[in-house]
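Trainee: model the structure of this input:
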Amino acid sequence: MIRDTTGTPDIGTREAQIVYVAEAEDGIRLDRWFRRRWPHLSNIQVQKMARGGQIRVDGARIKPEGRLTAGAAVRVPPIPEPIVRAPGEHMALTPADIAFARSMVIYEDDLVIALNKPHGLAVQGGTKTTRHVDRLLSAWGEGMDRPRLVHRLDRDTSGVLLLGKGPEAAKRLAGAFARRQAKKTYWAIVMGLPKPAAGQIDMHLKKSGINDYEIMRPADPKENGAEPAETAFAVISHAAQRAAWVALRPFTGRTHQLRAHMKAIGHPILGDPKYGDEKSNSLTGPLKLQLHARRIELDHPGGGTLTVEAPISAEMRAGFEHFGFDESECVGDPFEGVKRQR
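Mentor: I've put the predicted structure just below:
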């Protein structure tokens, strides 16, 4: 037996349910739609149900990353009840969590929130990560009130992280990133002095290793699994030949792209535990990863242009002080007029 429902679907029932996609949910990914309605489900559970054919949309199979349209009928298989946690294991946000989440805000309006993500905070959780940005978004509410992630930053990269308020705003923001319309500018301190002082790195990358040991390495374009990656760079200042403060603009969004590209041209980012080498590590000393998402410019989902800059982190400021760099040395956009080569 299958029941029709337009309200909040039941959990812990043995019956499949038909749930209709709301107008405000038009365009949302299937896996995100499930996680929004049943937050206790894991991505693996949703993927398993979709790939096993237990989830159907208008009678047809759908992949976890498939998009839903308003009014579509989703067959929802029996949803298991949430695991009841023992005292002390409850994951609800504390007042301190909420205060911390809101302290990261550097811009907010009716459609967008911009955070200045600190070094060391993961964007999404994992088996050993329980404190992350995605969990902290409950500080703004649940369900339709909960902001949506539209892109990511590495755990140890600080800087601008955008969120969409509501599914439509999130859809438009995510679309801008997917179409590579967002202009992202990162600041980094690298080993040595790149020559020439400005240029573009066009180098395919491929994942290598497993789990926590996974890194990106340069690859031949014909190699299986190799992905095109392009980064523009410009030296802003330098400390003799020892180190340089560079601006970086990724035109593609590969995992660890900036870190892998700078390593590949012989100028690894300082403080990088994965892509550093013996020479850069000796120069780094106590400094943490010197990579900061400084600025994002893209179309605002409500019209016009959204431009957000994030003040540098304490970790990045330590690098500036160590090498004698000053933010006033960066005047204007280092990438004005620079376009993708492809």
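
Trainee: which SS class is F177?
Mentor: helix (DSSP: H, G, I helix; E, B strand; the rest coil).

Trainee: quick one: mean pLDDT over stretch 271-285.
Mentor: Averaging pLDDT along stretch 271-285 yields 92.

Trainee: swap in stretch 214-222?
Mentor: In this model, stretch 214-222 has an average pLDDT of 92.

Trainee: can you check stretch 50-58 too?
Mentor: Here the average pLDDT along stretch 50-58 is 92.

Trainee: using PDB, write out every CA atom in that stretch.
Mentor: What follows is stretch 50-58, C-alpha atoms only, in PDB (Å, rounded to 0.1, in the frame of the first residue of the first chain):
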ATOM      1  CA  ALA A  50      17.800   5.500  -5.000                       C
ATOM      2  CA  ARG A  51      20.200   3.100  -6.600                       C
ATOM      3  CA  GLY A  52      18.100   0.100  -5.500                       C
ATOM      4  CA  GLY A  53      15.000   1.500  -7.100                       C
ATOM      5  CA  GLN A  54      13.200   2.100  -3.900                       C
ATOM      6  CA  ILE A  55      12.800   5.800  -4.700                       C
ATOM      7  CA  ARG A  56      10.800   6.700  -7.800                       C
ATOM      8  CA  VAL A  57       9.900  10.100  -9.200                       C
ATOM      9  CA  ASP A  58       6.700  10.000 -11.300                       C
END
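
Trainee: so which bits of it are buried?
Mentor: By 16 or more other C-beta atoms under 10 Å, the buried positions in stretch 50-58 come out as A50, I55, R56, V57. In this view, the C-beta of every residue, glycine as well, is placed from N, C-alpha and C.

Trainee: what about the last one, distance to D31?
Mentor: When distances are taken as C-beta to C-beta, to the nearest Å, V57 and D31 turn out to be 13 Å apart.

Trainee: same deal with the second one?
Mentor: When distance is defined by C-beta to C-beta, I55 is 10 Å away from D31.

Trainee: if I look at these two, which residues touch both of them?
Mentor: V46 (C-beta atoms under 8 Å, 6 or more residues apart in numbering).

Trainee: for E81, give me the pLDDT.
Mentor: Predicted confidence (pLDDT) for E81: 69.
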